[in-house]
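Asks: One predicted model, sequence on top.
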Amino acid sequence: MNIDGFEEFVGWIGAFFTVCFYLYLVYPCVKTIREKSFFEENLVIDLSTYQINSFLWHIYGDMIFCDQIKISFMIGSVISYILMIIVFMNQIKKYTFNSIKNVVIIIFCSWGIYNSFNHKIEDEYLSGKFCLYFSIVFYLNPVCVIFNVILNEDTDMIQIYKVIIYFFSSIFWLAYGIIIWDYYLKVLNSIGALISFMHILLYMIYKKKVPEMTQTKKKEKKRSIK
């Protein structure tokens with residue numbers, strides 16, 4: 001396999017894991033609608049973040065003529081949009097005003113970003129900076145999860161399968177960025193791989209402690225009963 005063939009291969013593997021990551025978002029949406037396990041507004045915020053992030057990367061992939069980035073993040077953007085519509089349809093029965101407000105905000109923000117990128121921003125380096133800045137915002141939530149897991153010693157906040165998928169996605173995009181020597185792919189996926197690895201590591205550490213913690217709690221209850 002020559003260099004060009006290997007480059008294409010690595011890029012398409014990264015694209016595959018990216019699509020898998022966005023497909024996994026179906027699970028929390030279904031869980032939220034069925035079980036009402038957490039307030040749907042949080043899910044709308046997450047989906048909006050995913051949608052804008054994938055939308056920006058899709059445009060950046062188009063600017064650097066990378067089909068792998070363009071196609072995979074276009075699929076991610078469409079999946080996020082469909083899931084937001086499903087959540088909005090479920091919300092509108094109870095929170096009509098908030099649902100309409102969220103739809104209007106997302107439509108105008110998406111249109112503004114698209115218009116800016118396609119008509120005013122023709123420099124790939126400037127569009128890369130947009131991806132860089134928004135991806136930093138994108139990483140704030142997983143960083144907060146890390147701190148909460150450490151403070152509470154609780155792994156329930158970690159969606160381990162989603163984290164593992166994102167870890168492999170970051171690794172292959174990092175390798176692809178190194179091969180094509182793309183600064184933004186290298187920097188952002190290095191951060192993504194590090195954060196997702198920390199999630200996996202914390203999950204393994206505190207998951208082992210959970211049985212010990214439950215046993216100590218049972219002993220304390222027995223002592224209090226006596």
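Replies: On my side now, so go ahead.

Asks: switch to C-alpha atoms for all contacts and neighbour counts from now on
Replies: OK.

Asks: Who's the closest spatial neighbour of the residue positioned nearest the centre of the chain, skipping the chain neighbours?
Replies: By CA atoms, centre = their mean, the chain has its centre lying nearest to Tyr50, at 5.7 Å. Among residues not flanking Tyr50 along the chain, Ser80 sits closest, at 6.7 Å (CA to CA, 6 or more residues apart in numbering).

Asks: Was I right to think that neighbour contacts Tyr22?
Replies: Yes: counting by CA atoms under 8 Å, Tyr22 is a contact partner of Ser80 at 7.3 Å.

Asks: if I look at Gly5, how far off is Ile179?
Replies: 11 Å (CA to CA, to the nearest Å).

Asks: out of the two, which sits in the more crowded spot?
Replies: Higher neighbour count among Gly5 and Ile179: Ile179, with 16 against 10, using other CA atoms under 10 Å.

Asks: residues contacting the residue nearest to Tyr50?
Replies: Counting by CA atoms under 8 Å, 6 or more residues apart in numbering, Ser80 makes contact with Tyr22, Leu47, Ser48, Tyr50, Gln51.

Asks: Ok, Val143 next?
Replies: Contacts of Val143 by CA under 8 Å, 6+ apart are Ile195.

Asks: Quick check: pLDDT value at it.
Replies: Looking at Val143, its pLDDT reads 87.

Asks: name the element it belongs to?
Replies: Using DSSP states H and E, Val143 maps to helix 140-152.

Asks: which is the next helix or strand following that helix?
Replies: helix 160-180.

Asks: pLDDT of stretch 22-34, averaged?
Replies: Stretch 22-34 comes out at a mean pLDDT of 80.

Asks: in it, what counts as buried?
Replies: Tyr22, Leu23, Leu25, Cys29, Ile33 (16 or more other CA atoms under 10 Å).

Asks: for the strand or helix carrying Leu47, packing partners?
Replies: Using DSSP H and E, Leu47 sits in helix 40-63. Packing partners of helix 40-63 (3 or more CA pairs under 8 Å, 6 or more residues apart in numbering; DSSP states H and E): helix 26-35, helix 67-91, helix 124-138.

Asks: Which one of these lies nearest to Phe9?
Replies: helix 67-91 (9.7 Å; CA to CA).

Asks: from memory Trp57 sits against Lys129, does it?
Replies: No: the pair Trp57 / Lys129 is not scored as a contact, 10.8 Å apart, by CA under 8 Å.

Asks: and these two? which has more neighbours close in?
Replies: Between Trp57 and Lys129, Trp57 has the larger neighbour count (other CA under 10 Å), namely 25 against 13.
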